[in-house]
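Peer 1: Fold the stuff below for me.
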Amino acid sequence: MQPVLYAIGPAMVFGLAVSMLHMNDITNTFNVIRHWDSSWLSREILFGVSFAAFGFLFALMEWFNWGSPIMRNTVAAVAAALGVGLVLAESMIYYSLVTVPAWHSWMVPFSFFATTIMLGALAVGAALMVTAWVRSRRADAARPDSPATIAEDLKPEGSTGGGLALQIRRRVQQINAPTNLEEWTLSVGVVRWIAFVSAAVAVALLVAYPVFIGQLAQGGPAAQASLGILMGGTLVVRLALLALVAVALGFFVYRMAASAKLATARTLVVLVIGAFALALTSELLGRFLHYAIMVRIGL
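Peer 2: Now for the predicted structure:
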């Protein structure tokens with residue numbers, strides 16, 4: 001799991017950096033959190049920074065093996081809870097705009113959490129499969145012994161440097177060690193759950209859109225104007241991709257993961273990555289539609 005974990009941090013830092021572009025003057029950075037008690041935007045920033053901080057702390061604890069497993073899992077749980085708060089705050093920024101009927105709807109927080117669950121799970125699944133497949137190709141270069149001894153087995157001959165530098169080198173080698181059968185079994189078990197949950201979310205979105213469309217149709221002029229923008233080829237492509245994701249995950253990935261062998265992992269890797277690519281494309285279209293249907297009541 002650790003190569004997956006260390007890919008999250010840079011993505012989060014990049015997202016926070018890009019969000020700074022909302023401000024005309026970055027010297028006003030600290031002012032944006034002053035109204036945390038009334039502003040969802042301020043809460044979003046607080047949750048985002050806190051999530052990144054606890055995630056970074058957890059990554060350090062995992063890397064250097066600091067604290068007990070219970071302590072590390074506690075930090076991870078706090079980070080996850082802050083992440084849930086971040087998604088909620090992001091969705092409520094849009095939901096709270098009562099003058100935009102298409103946003104002041106249950107569909108906004110529902111779709112935000114659906115995106116988080118489906119894309120987040122599939123990204124982890126794709127990263128797990130790629131990691132296991134790449135590691136399996138190193139099997140001839142180093143013997144896959146138990147996790148307790150692999151770092152010592154792969155220690156470079158004549159390595160020099162301080163204690164911290166040596167620890168980091170050995171940690172990198174341990175993380176990149178060939179996948180053994182136990183790790184592969186755990187990985188495909190996780191991927192089966194990911195396939196099940198992500199397929200269920202895709203189906204839930206397919207059901208939610210007709211309900212949302214019906215509500216817009218019964219709304220006022222602004223809601224119906226949003227409906228006119230929504231009903232087009234982009235929505236059709238989005239729904240078709242969601243259906244493909246559900247089929248690919250439900251009928252292929254879930255069933256194949258039950259009997260996939262490490263030596264022939266390539267097919268499963270391609271399927272999981274393909275499902276993630278389809279879901280990512282669909283969700284990008286969903287975000288495009290989300291902003292396109294912003295029609296205000298009045299001026």
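
Peer 1: Could you use CA atoms for every contact and neighbour count after this?
Peer 2: OK.

Peer 1: mind listing what Ser190 touches?
Peer 2: One thing to correct before we go on: residue 190 is Val, not Ser. Neighbouring residues of Val190 by C-alpha atoms under 8 Å, 6 or more residues apart in numbering: Gly125.

Peer 1: Read off the pLDDT value for it.
Peer 2: Val190 is assigned 90 on the pLDDT scale.

Peer 1: go on, Thr74?
Peer 2: With respect to pLDDT, Thr74 scores 96.

Peer 1: The one helix or strand it maps to: which residues count as buried?
Peer 2: Assessed by DSSP states H and E, Thr74 sits inside helix 69-95. For helix 69-95, the neighbour count (16 or more other C-alpha atoms under 10 Å) marks 72, 75-76, 78-79, 82-95 as buried.

Peer 1: That one: what's the following helix or strand?
Peer 2: Where DSSP H and E defines the elements, the next helix or strand beyond helix 69-95 is helix 107-136.

Peer 1: tilt between that following helix and helix 69-95?
Peer 2: Inter-element angle recorded for helix 107-136 and helix 69-95: 140 degrees (by axes from the mean of the first three to the mean of the last three C-alpha atoms, to 10 degrees).

Peer 1: Show me what helix 107-136 is packed up against.
Peer 2: helix 2-19, helix 69-95, helix 181-217, helix 266-292 (3 or more C-alpha pairs under 8 Å, 6 or more residues apart in numbering; DSSP states H and E).

Peer 1: Could you say which one of those helices comes nearest to Thr131?
Peer 2: Minimum separation from Thr131 across the helices and strands packed on helix 107-136 (C-alpha to C-alpha) falls at helix 2-19, 7.3 Å.

Peer 1: What is the subsequent helix or strand relative to that closest one?
Peer 2: helix 40-64.

Peer 1: centre of the chain versus that following helix, how much separation?
Peer 2: Centroid displacement of helix 40-64 relative to its chain, using C-alpha atoms, centre = their mean, to the nearest Å, is 15 Å.

Peer 1: Return the set of buried residues in it.
Peer 2: 40-52, 54-59, 61-63.
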